[in-house]
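**Student:** here is a sequence with its predicted model. Questions after.
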Amino acid sequence: VIVNFERLNKQQDKAKGASSSSSSSSLVDYYMKQTETLDNACGVIACLHAIYNNLNSIALAAGKPLATYLEKVKDQTPEQRAVTLEGYTEFQQQHKTFASQGQSQLAESQDDVKHHYVAFVVNAQGQLIELDGTKQGPVVIAEQCDDVLRGSIAELQQRLANGEISESLSVMTLNAKDS
């Protein structure tokens, strides 16, 4: 599940998360940080989190940017993965090609950026995990989760009730292609 929402309390939100790379590597297969250079790449990062933590049901095409990038960064820390993405021109070129086809208008300044993307996945231990590159690491949202969509919605409802996020949000799911 990939969610785009407006955070109302950014400082409190950033403090959450695993405190080190070693703890994050035991929660999920893939996690990366979001750097200042990748500041507006949270949507791309959320997609990478969703894809790379679901490789049991997603096949990457060999030689394509997603597979090549993963091969390059599989043994890197979350911080190193971000630096590698910053300089990965093949991915950037492909991203620009698709982004230019979109209907969104680019923000002129950071003050215009109101929304943020995160991914929710269920890990091998059945925990619902939030993956947000602006946090210290992956966050365990629920210990037992058998439905990532329902679990994510419950978390979003709680954040809405607590005033952490606004009602201005959207939710996308990554689903297997029907045969």
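**Tutor:** It's in. Numbering: from 1, shown residues only.
**Student:** what helix or strand does residue 80 sit in?
**Tutor:** Residue 80 is part of helix 78-86 when elements are defined by DSSP states H and E.
**Student:** send me that helix as PDB with only the CA atoms.
**Tutor:** Taking Å, rounded to 0.1, in the frame of the first residue of the first chain, the C-alpha atoms of helix 78-86 are listed here in PDB:
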ATOM      1  CA  PRO A  78      19.800   2.700   3.800                       C
ATOM      2  CA  GLU A  79      21.900   5.900   3.600                       C
ATOM      3  CA  GLN A  80      24.200   4.500   0.900                       C
ATOM      4  CA  ARG A  81      21.200   3.400  -1.200                       C
ATOM      5  CA  ALA A  82      20.000   7.000  -1.300                       C
ATOM      6  CA  VAL A  83      23.400   8.200  -2.400                       C
ATOM      7  CA  THR A  84      23.500   5.600  -5.100                       C
ATOM      8  CA  LEU A  85      20.000   6.600  -6.300                       C
ATOM      9  CA  GLU A  86      21.100  10.300  -6.400                       C
END
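**Student:** shaky segments in the chain?
**Tutor:** Across the chain, residues meeting the criterion (pLDDT under 70) sit at 10-25, 39, 99, 102-113, 176-179.
**Student:** next SSE after the helix holding residue 80?
**Tutor:** Immediately after helix 78-86, counting by DSSP H and E, sits helix 89-99.
**Student:** what residues does that next one touch?
**Tutor:** For helix 89-99, the surrounding residues in contact (CB atoms under 8 Å, 6 or more residues apart in numbering) are 44, 65, 68-69, 85. For the C-beta atoms, the positions are set from N, CA and C on the backbone; glycine is no exception.
**Student:** and that helix, how far out from the chain's middle?
**Tutor:** 18 Å (CA atoms, centre = their mean, to the nearest Å).
**Student:** can I get it in PDB, CA atoms only?
**Tutor:** The C-alpha trace of helix 89-99 is given here as PDB (Å, rounded to 0.1, in the frame of the first residue of the first chain):
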ATOM      1  CA  THR A  89      21.300   8.400 -14.200                       C
ATOM      2  CA  GLU A  90      19.500   5.500 -16.000                       C
ATOM      3  CA  PHE A  91      16.800   5.600 -13.500                       C
ATOM      4  CA  GLN A  92      16.600   9.400 -13.500                       C
ATOM      5  CA  GLN A  93      16.200   9.500 -17.300                       C
ATOM      6  CA  GLN A  94      13.400   7.000 -17.300                       C
ATOM      7  CA  HIS A  95      11.700   8.700 -14.400                       C
ATOM      8  CA  LYS A  96      11.900  12.100 -16.200                       C
ATOM      9  CA  THR A  97      10.400  10.500 -19.300                       C
ATOM     10  CA  PHE A  98       7.400   9.200 -17.400                       C
ATOM     11  CA  ALA A  99       7.000  12.200 -15.100                       C
END
